Each structure stands twice: as structure tokens, then as C-alpha cells.
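**Q** how would this look folded up:
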Amino acid sequence: MAEDEENYIPVKWIEIYHYCPRIIYFIGVLGFKESEKEYMKEGKQEEELQEEKEKRRKTLLAKRKETVIEKWTNIKIYSQTLKLVGILDLIVKTPQGLKIIDIKNTDQEKLQPGYLYQTAAYALLAQEHFKKHVKSIIIHHVKNNKTFEINLTNQIIQHVHWTIKKINKILEKQQIPKAKNKKQCQGCGYYQLCKAL
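**A** Next comes the predicted model:
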């Protein structure tokens with residue numbers, strides 16, 4: 001069903017909020033777009049390649065012995081309840097139930113909070129769309145072949161709701177959040193704009 005996307009928050013913004021809330025202000029209030037850098041293009045291509053491989057596999061991520069009964073890739077889902085919209089990389093139906101897989105082109109050893117809560121939000125979209133419970137989410141890091149499987153707990157779900165409220169507050173009040181001093185600031189596409197404020 002076609003929806004008016006202006007009234008929906010992209011699920012990607014949940015990851016962005018956890019990276020830096022200021023970026024939500026730049027894209028959601030000021031309407032800026034980060035210029036696509038070469039590494040971003042390469043990352044997107046690698047993620048798409050992995051998704052194509054997953055379409056053909058009969059087991060999960062080629063190394064897990066779970067049987068895949070059915071799968072959906074690159075499915076766009078709206079949540080009228082949460083007012084979120086997102087394109088899910090991969091949803092699989094296993095004998096244990098639905099699982100959401102998010103593929104990240106990274107070599108990070110630890111799971112980043114933004115990845116966790118973004119994927120959890122995808123799970124909430126899938127539950128609403130398919131009317132089936134999602135027990136766990138899987139985040140796969142392509143560059144080092146690390147896979148994290150996390151049960152979808154009430155605490156994680158509550159944090160997704162908390163993040164959505166924080167994003168809505170930035171959009172409604174149109175006030176720029178405080179800058180965070182982080183190592184990754186200089187690699188951010190909004191660094192010069194942020195520094196000038």
C-alpha cells in the first residue's frame with residue numbers, strides 16, 4: 001500500500017541517532033543530505049552482493065545449520081503504529097520462527113548500539129506486517145564475517161520506542177542537539193557544517 005512517507009521516520013534514522021543526534025537535525029529539520037563518499041558506495045555494493053548470495057542459500061548466512069523455510073529480501077514495510085518506514089535486508093522464516101537479518105559492511109569487533117536498535121526496529125515493522133512474533137535479530141558484519149544474534153527483549157523494544165520519541169522531539173522542536181565529542185566526527189559528512197555552528 002502506498003503511504004505518505006513524509007509522515008514516517010526512516011528506520012535508518014535510529015542508527016543515525018545513536019551515531020550522533022545532530023545529524024537528525026541536519027537531515028530532518030534542515031533537509032541536508034550527506035554527500036555520498038566512495039567508501040559509502042563500496043559498502044552499499046558489498047551489502048547488495050551479500051543479499052544476492054543470501055537469496056540462493058538454503059541455510060542461514062552459509063554457516064548456520066538453521067533451515068530456511070521462506071525468505072524475503074529488500075522488502076519495504078511501513079508501520080502505522082510506530083510511524084516508521086524501512087527496507088529490510090532479509091527476513092527469514094525458520095522452524096524457530098521469523099528472524100530479521102541486517103547486513104553491515106563493517107569490520108567492527110563489537111556490535112554498535114545503532115545497529116542493534118535499527119535492526120530491532122526492523123523486527124517491530126516485520127511483526128506488524130506479517131502478524132508474527134520475531135524472536136531474534138541477526139546483525140552480520142561482512143568484512144570480518146562476525147555474526148551477532150540477539151533475542152528481541154522488552155528492554156530493547158523499549159529503547160527503540162525511546163529513540164523514536166527523541167527523534168520526534170528534534171523534528172518537532174527544531175532545536176539542534178548538543179554536539180558530542182567523538183572520534184568519528186572528522187569522518188562525518190556533516191563535520192564542516194557542524195563545526196561552523
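
**Q** Helix or strand next in line after the helix or strand of the chain at the bottom of the mean pLDDT ranking, which one?
**A** Within the chain, no helix or strand scores below helix 38-56, which has a mean of 57 by mean pLDDT, DSSP states H and E. Using DSSP states H and E, the helix or strand that follows helix 38-56 in sequence is strand 70-79.

**Q** Report the next helix or strand after that next one in sequence order.
**A** The element immediately downstream of strand 70-79 (helix or strand, assigned by DSSP H and E) is strand 84-94.

**Q** List the buried residues for that following strand?
**A** 84, 85, 86, 88, 89, 90, 91, 92, 93, 94 (16 or more other Cβ atoms under 10 Å). Every residue, glycine included, has its C-beta placed from N, CA and C.

**Q** next structured bit after that strand?
**A** Next in sequence after strand 84-94, counting helices and strands by DSSP H and E, comes strand 97-104.

**Q** Mind giving me the packing neighbours of that following strand?
**A** helix 38-56, strand 84-94, helix 113-130, strand 134-141 (3 or more Cβ pairs under 8 Å, 6 or more residues apart in numbering; DSSP states H and E).

**Q** again, only this time at 6 Å
**A** Applying 3 or more Cβ pairs under 6 Å, 6 or more residues apart in numbering; DSSP states H and E, one finds that strand 97-104 contacts strand 84-94, helix 113-130, strand 134-141.

**Q** what residues does the shortest one touch?
**A** Put plainly, it is strand 134-141. Strand 134-141 is contacted by residues 61, 97-104, 106, 115, 119-120, 123, 126-127, 147-152 when judged by Cβ atoms under 6 Å, 6 or more residues apart in numbering.

**Q** swap in stretch 153-167?
**A** 9, 13, 14, 17, 24, 117, 120, 121.

**Q** list the contacts for the residue nearest in space to the middle of the chain?
**A** Among the residues of the chain, the one closest to the centroid is residue 118, at 3.5 Å (Cα atoms, centre = their mean). Residue 118 is in contact with 11, 14, 15, counting by Cβ under 6 Å, 6+ apart.

**Q** Point out where this structure drops to low pLDDT.
**A** 1-3, 34-65, 181 (pLDDT under 70).

**Q** Repeat the analysis, applying 50 as the threshold.
**A** Across the chain, the ranges flagged by pLDDT under 50 are 1-2, 37, 39-40.

**Q** With secondary structure added, can I get the contacts of residue 118 in a markdown table?
**A** Formatted as a markdown table, the contacts of residue 118 follow (DSSP: H, G, I helix; E, B strand; the rest coil):
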| residue | secondary structure |
| --- | --- |
| 11 | coil |
| 14 | helix |
| 15 | helix |
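
**Q** which of those residues tops the neighbour count?
**A** In terms of neighbours by other Cβ atoms under 10 Å, the contacts of residue 118 top out with residue 14 at 28 neighbours.

**Q** Nearest spatial neighbour of it, chain-adjacent residues omitted?
**A** For residue 14, ignoring the flanking residues on the chain, the nearest one in space by Cβ to Cβ, 6 or more residues apart in numbering is residue 118 at 4.7 Å.
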